[in-house]
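Asks: quick one, fold the following:
(one chain, ligands or ions: 1)
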Amino acid sequence: MEHKQAIALEIALQTHVLQTCPVHNDIFYDDDVDPSGAFALAVELVRQHKACVGEFHDDAHALTDLLSETISAAPHSCPHCPSAMATKNEAAVLRLT
Ligand SMILES: [Zn+2]
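Replies: Residues are numbered from 1 along each chain as shown. Down below sits the predicted model:
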């Protein structure tokens with residue numbers, strides 16, 4: 001994986017927009033989480049000239065572009081967890097009752 005993409009991935013994981021399946025270690029997109037938090041963090045890191053985003057040379061747009069690419073490329077649940085969806089629906093039902 002390209003280093004820049006690894007940075008975008010790290011930001012997505014840190015803000016829990018992307019999650020790692022605890023069973024299979026696969027990365028997936030949690031659509032219950034508002035992705036704007038990841039974009040806000042990305043812009044903030046570039047604005048503060050953090051060393052970890054130095055490769056983007058103060059270009060927050062390049063980082064947010066890559067971030068949105070990384071997020072949209074991820075599956076909506078762990079591809080190896082057929083029960084992930086069922087668990088989620090069950091949780092939604094519990095909230096409603
Ligand atoms: Zn899984």
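
Asks: sketch out the low-pLDDT regions of this structure for me.
Replies: 1, 83-97 (pLDDT under 70).

Asks: quick one, helices of it?
Replies: 3-14, 36-47, 60-73, 84-96 (DSSP state H).

Asks: buried sites along stretch 62-75?
Replies: For stretch 62-75, burial by neighbour count (16 or more other Cβ atoms under 10 Å) applies to 62-64, 66-68, 70-71, 74. Heads up, the C-betas are built off the backbone N, CA and C, glycines and all.

Asks: export those residues to JSON lines and tack on distance to the ion?
Replies: Shown next, in JSON lines, are the buried residues of stretch 62-75 (distance: Cβ to the ion, whole Å):
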{"residue": "62", "distance to the ion": "31"}
{"residue": "63", "distance to the ion": "28"}
{"residue": "64", "distance to the ion": "28"}
{"residue": "66", "distance to the ion": "25"}
{"residue": "67", "distance to the ion": "23"}
{"residue": "68", "distance to the ion": "24"}
{"residue": "70", "distance to the ion": "19"}
{"residue": "71", "distance to the ion": "18"}
{"residue": "74", "distance to the ion": "13"}
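
Asks: now distance to residue 40 too, for those, in a markdown table please.
Replies: Shown next, in a markdown table, are the buried residues of stretch 62-75 (distance: Cβ to Cβ, whole Å):
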| residue | distance to residue 40 |
| --- | --- |
| 62 | 16 |
| 63 | 12 |
| 64 | 10 |
| 66 | 15 |
| 67 | 11 |
| 68 | 13 |
| 70 | 16 |
| 71 | 14 |
| 74 | 19 |
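
Asks: how about residue 18: which residues does it bridge to?
Replies: Applying DSSP bridges to residue 18 yields these beta-bridge partners: residue 29.

Asks: quick one: contacts for it?
Replies: Contacts here follow Cβ atoms under 8 Å, 6 or more residues apart in numbering; on that basis residue 18 touches 9, 12, 27-30, 70-71, 74.
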